[in-house]
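Undergrad: sequence plus the predicted model coming up.
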Amino acid sequence: MMDLDEIDFALIRALAEDATQSAGALGRDVGLSQPATWRRIRRLMDQGVLDGRRLDLDHEALGFGVTVFLGVKLATKGRVSLEDFERAVSAIPEVQTVEHVLGLYDYRLRVVARDLADFERVLRRRVMTLPGVGDVEANVLLSEERRPGPI
């Protein structure tokens, strides 16, 4: 693990809040020149502390009004490899995240759909037909509050 100083943490916090800021604007906030700020950002990226930039989409504005978390337990772990399941589930466009977890279920999926009828179609025709799928539990997202991380 690399040694991070207060300026590194200040840059990480600022980028976590708004990753579209220029290196010049970030530098002004933390007391560095634009080139020095860019060198620090590049170092954080090279060391794997920063991993790209992500676009935060408003799924509802795009017509996806329902988000469901699925717990998936594989029925035949010995006959279906985890990689086969992960590859197949990752090919479903409505599946936003695939998390391999420890606990009652083997995987936790975040699925978006236009409405509950659309979600049922995705569940029946896509998820339940995947190799090795056994038990599935669905939890519909009612609201979400995003909190900043520990930085």
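TA: Alright, I've got the coordinates. Because the structure is predicted, anything quoted here is derived from the model rather than measured.
Undergrad: neighbouring contacts of stretch 141-151?
TA: Stretch 141-151 has contacts (C-beta atoms under 8 Å, 6 or more residues apart in numbering) with 9, 12, 13, 16, 17, 66, 67, 68, 69. Yep, even glycine has a C-beta here, placed from its N, CA and C like the rest.
Undergrad: run through the residues that contact the residue nearest the centre of the chain.
TA: Nearest to the mean C-alpha position of the chain, by C-alpha atoms, centre = their mean, lies residue 97 at 5.6 Å. When contacts are counted by C-beta under 8 Å, 6+ apart, residue 97 is found next to 108, 109, 110.
Undergrad: considering those residues, which possesses the most neighbours?
TA: Comparing those by number of neighbours (other C-beta atoms under 10 Å), residue 109 comes first, having 22 neighbours.
Undergrad: the residue nearest to the centre of the chain belongs to a strand, doesn't it?
TA: Yes: counting by DSSP: H, G, I helix; E, B strand; the rest coil, residue 97 falls inside a strand.
Undergrad: bridged to it, which residues?
TA: residue 110 (DSSP bridges).
Undergrad: out of the contacts of residue 97, which is nearest to residue 26?
TA: residue 110 (30.2 Å; C-beta to C-beta).
Undergrad: my guess is the closest one meets residue 96, correct?
TA: Yes: here residue 110 reaches residue 96: they are 4.4 Å apart, a contact under C-beta atoms under 8 Å.
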